[in-house]
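# Show me the folded form of this:
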Amino acid sequence: MKYLKNEEESRDAVINIFEKLLMSLKKYEIKNFTTWIHSVARNYCFAQLQQSKTKMNHHENISIAIETEMLIADPSAYEEEQVKALEFRKLEEAMQTLNAEQKTCVELFYLKKHCYEEITEMTGYTLNQVKSYIQNGKRNLKIYLTKRNETFT
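Residues are numbered from 1 along each chain as shown. Below you'll find the model as predicted:
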């Protein structure tokens, strides 16, 4: 209920989480059960929220799979991945605050690793516009995250 805020969805989540736990307990040796079960439940809820908000993209599916495997293999490494996943969610939220041009250019440059020239061809913006949108978008992301005391490095 804490995460999903809906009684019916929470009931469904409990059933699905327990099914997942039963399968995992048969396969793996869990050293810290309470931490593990809490993390699995929390991650499941985050995944459900993300699916209902928008369809999950390929990177999120990979991230969830990696988190689950890391949790089972090495809980301390899993904690580090949790921090990274939280930072990624904060960055996604911050990206929604950018205007369309900045968001497009920042995604193409930083996430999809396109060069300036490729972005100009894809978007129709001039080279100077692309550079400006990326620079201003990066600055606006930093401002947004800093205002929330959530610096992202």
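# make it CA atoms for all contacts and neighbour counts henceforth
Noted.
# Checking residue 125 next. Helix, strand or coil?
Here residue 125 is recorded as coil under DSSP: H, G, I helix; E, B strand; the rest coil.
# Tell me how many other residues surround it.
Residue 125: 16 surrounding residues under other CA atoms under 10 Å.
# State the phi and psi torsions of it.
Its backbone dihedrals place residue 125 at phi -80, psi 160, with angles given as degrees, to the nearest 10.
# residues in contact with it?
Counting by CA atoms under 8 Å, 6 or more residues apart in numbering, residue 125 touches residue 119.
# Would you map the helices across this protein?
For the chain, the helices defined by DSSP state H occupy 7-27, 33-53, 58-73, 75-95, 100-106, 116-123, 127-147.
# Out of the ones you listed, flag the one nearest residue 1.
For residue 1, the closest of those is helix 7-27, at 5.7 Å, according to CA to CA.
# Other residues contacting that closest one?
Residues outside helix 7-27 that contact it (CA under 8 Å, 6+ apart) are 1, 4, 37, 40, 41, 44, 45.
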